[in-house]
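**Student:** give the three-dimensional model of this entry:
(chains A and B, ligands or ions: 2)
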Amino acid sequence: MKALTWQGTNDLSVEQTPDPAIRNEQDAIVKVSQTVTCGSDLHLLGGYIPFMRAGDVLGHEFVGEVVETGPRVERHKAGDRVVVCSFISCGRCWYCKQGLFSLCDNGNTNPGITEHLWGSAPGGCYGYSHALGGFAGSHAEYIRVPFADQGAFPVPDALDDTTALFASDSAPTGWMGADLGGVKPGDVVAVWGCGAVGQMAARAALLLGADRVIAIDPFRRPTGRPTRPRRRGPAG
Amino acid sequence: MKKPTAGGAVSTVVSLGTEALGAAVSAARRAGEAIRSGASHAGETEPRWHVMTVCASAEEVAPGGKLPEPLARLGDAIDTRLRPASGERGTELACRLHDKEDAGPPGTAEPVTADATVQELRTALRQAKALVETGEILLPDRPSTNRPTVTGRPLDKLIEKAQGEGRL
Ligand SMILES: [Zn+2]
Ligand SMILES: [Zn+2]
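**Tutor:** Ligands and ions are numbered 1, 2, ... in the order given. Take a look at the predicted model:
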């Protein structure tokens, strides 16, 4: 298959790579229909996460069609359209049972690396370096999805792929910001940073009933000189 | 460094200011050196307990006293202890390389903390927990999409040891 691969700092290329294979009984293989890049990928691109190997496939936000399932996958079958959470989690460890899926104890095959860095290891993540398991990413024709019953969600027929796509990462991340901020009806909310996640946070605040959302970002002119932060009314 | 939390972990893990990035890179280098050299466990002269909390009852962890396969395979080489974890988090599964010096006359004992064996123990503990909690041991992607490079060799070594090393 074809895949977008990391070859070195600021060096990407589309390469012919081996097709992914079912490795565990709870795996599925998904044919990717849409995949989107994330601000977090810039850190990989810029070489700030020194756990990348040449040939690693990038991408952790995607939607697609299940083409193959392991014998212990129960919620999905070939032909299902799914959107997949960017983090790989088991759904059964203590962290997962608390809803802290990105801290899953069983989703990262290289826990020693981040234990040394941070004291404990987060779960795995697609296309996000060998510190998070080294799982191939979604900027590819096909991807292996471990613990598919846990991480893949059926897309209702009424939603097109583009609408479902952002449920992978950026929409829930923005939602989490608004949720942690305790946004409630009638609030005036300020969101610092208007990248994808900031915009999702602003949108989430409105959905949670905020009366007004002020989004703040140092827009840059083409010369690179920052302008004064602007204040804006409700987004969307 | 901030520990990642639910949902937005990708952003949390890597949303660092430019100054923090430099620190992250040097911390990463230190972690790499520590894992490769085993220096993080330097000074451990005696076998110690390695403890894993398993989100399951003691009976589920070791039905009828029978340990999960990865630990059972280590047989007499390890001591094992089970007790309820605090906060109703399941069961603490503790293992220690068997102190052979206790078993025989002095002078006949072999060194007991050979690095490879501690690594085997950590790997077996992680695998035992995974088996009990999920019914499987998660395997890395294969076939790999990587190509070997000279500059990638230190990382390849790190990945080889990533199950057997760490804070466990
Ligand atoms: Zn992302
Ligand atoms: Zn888990």
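**Student:** how about low-confidence regions in chain A?
**Tutor:** Counting by pLDDT under 70, chain A has low-confidence residues at A:220-236.
**Student:** what parts of it come near ligand 1?
**Tutor:** Contact residues (C-beta under 5 Å from the ion) of chain A with ligand 1: A:38, A:40, A:169. C-beta: built from backbone N, CA, C; applies to glycine.
**Student:** close enough to count as contact, the second one and residue A:127?
**Tutor:** No: using C-beta atoms under 8 Å as the test, residue A:40 is too far from residue A:127 to be in contact (9.8 Å).
**Student:** wait, what's in contact with residue A:15?
**Tutor:** Residues near residue A:15 by C-beta atoms under 8 Å, 6 or more residues apart in numbering or on different chains: A:2, A:3, A:5, A:55, B:145.
**Student:** to what extent is the residue in chain A positioned nearest to ligand 1 buried, counted in neighbours?
**Tutor:** Here chain A gets closest to ligand 1 at one residue, residue A:38, 2.9 Å apart by C-beta to the ion. Around residue A:38 there are 25 other residues, counting by other C-beta atoms under 10 Å in any protein chain shown.
**Student:** once you drop chain neighbours, what's closest to it?
**Tutor:** With C-beta to C-beta, 6 or more residues apart in numbering or on different chains as the measure, residue A:61 is the residue that lies nearest to residue A:38, at 5.8 Å, once sequence neighbours are left out.
**Student:** roughly how far apart are the one you found and residue A:200?
**Tutor:** From residue A:61 across to residue A:200, the span is 12 Å (C-beta to C-beta, to the nearest Å).
**Student:** now do residue A:151
**Tutor:** 20 Å.
**Student:** tell me which of these two has more neighbours.
**Tutor:** Under the criterion of other C-beta under 10 Å, the comparison of residue A:151 against residue A:200 puts residue A:151 first, with 27 against 23.
**Student:** isn't that one right up against residue A:83?
**Tutor:** No: if you go by C-beta under 8 Å, residue A:151 and residue A:83 don't touch, sitting 9.8 Å apart.
**Student:** show me what the residue nearest to residue A:167 when sequence neighbours are not counted is bridged to.
**Tutor:** In space, and not counting its chain neighbours, residue A:167 is closest to residue A:83: 4.8 Å by C-beta to C-beta, 6+ apart. Counting by DSSP bridges, residue A:83 is bridged to residue A:63, residue A:153.
**Student:** show me where chain A has strands.
**Tutor:** Using DSSP state E, the strands found in chain A span residues A:2-8, A:11-16, A:28-36, A:56-57, A:61-69, A:81-84, A:87-88, A:124-125, A:142-145, A:152-154, A:188-192, A:212-216.
**Student:** what does the fourth one contact?
**Tutor:** The one in question is strand A:56-57. With C-beta under 8 Å, 6+ apart as the criterion, strand A:56-57 contacts A:3-6, A:17, A:127, A:129-130, A:134, A:136-140, B:145-146.
**Student:** re the thing from before, what's near enough to touch the residue nearest to residue A:38?
**Tutor:** Applying C-beta under 8 Å, 6+ apart to residue A:61 gives the contacts A:35, A:36, A:37, A:38, A:86, A:138, A:165, A:166, A:168, A:169, A:170.
**Student:** pLDDT weak spots in chain B?
**Tutor:** In chain B, residues with pLDDT under 70: B:1-45, B:100-116.
**Student:** okay, now the domains of it?
**Tutor:** B:12-42, B:46-137, B:141-168 (automatic domain parsing).
**Student:** one more: chain A?
**Tutor:** According to automatic domain parsing, the ranges for chain A are A:2-168, A:174-216.
**Student:** pick the most deeply packed of the ones you listed.
**Tutor:** Comparing those by mean neighbour count (mean count of other C-beta atoms under 10 Å in any protein chain shown), domain A:2-168 ranks first with a mean of 21.
**Student:** mind checking how far that domain is from the chain centre?
**Tutor:** Its chain's average C-alpha position is 8 Å from that of domain A:2-168, according to C-alpha atoms, centre = their mean, to the nearest Å.
**Student:** got the end-to-end distance for it?
**Tutor:** The first residue of domain A:2-168 is 22 Å away from its last residue (C-alpha to C-alpha, to the nearest Å).
**Student:** same check on stretch A:141-149?
**Tutor:** Span of stretch A:141-149 from end to end, C-alpha to C-alpha: 21 Å.
**Student:** that one close to ligand 2?
**Tutor:** No: against ligand 2, stretch A:141-149 shows no contacts by C-beta under 5 Å from the ion, the least distance being 8.2 Å.
**Student:** was I right about residue B:162 contacting residue A:116?
**Tutor:** No: here residue B:162 does not reach residue A:116: they are 9.4 Å apart, not a contact under C-beta under 8 Å.
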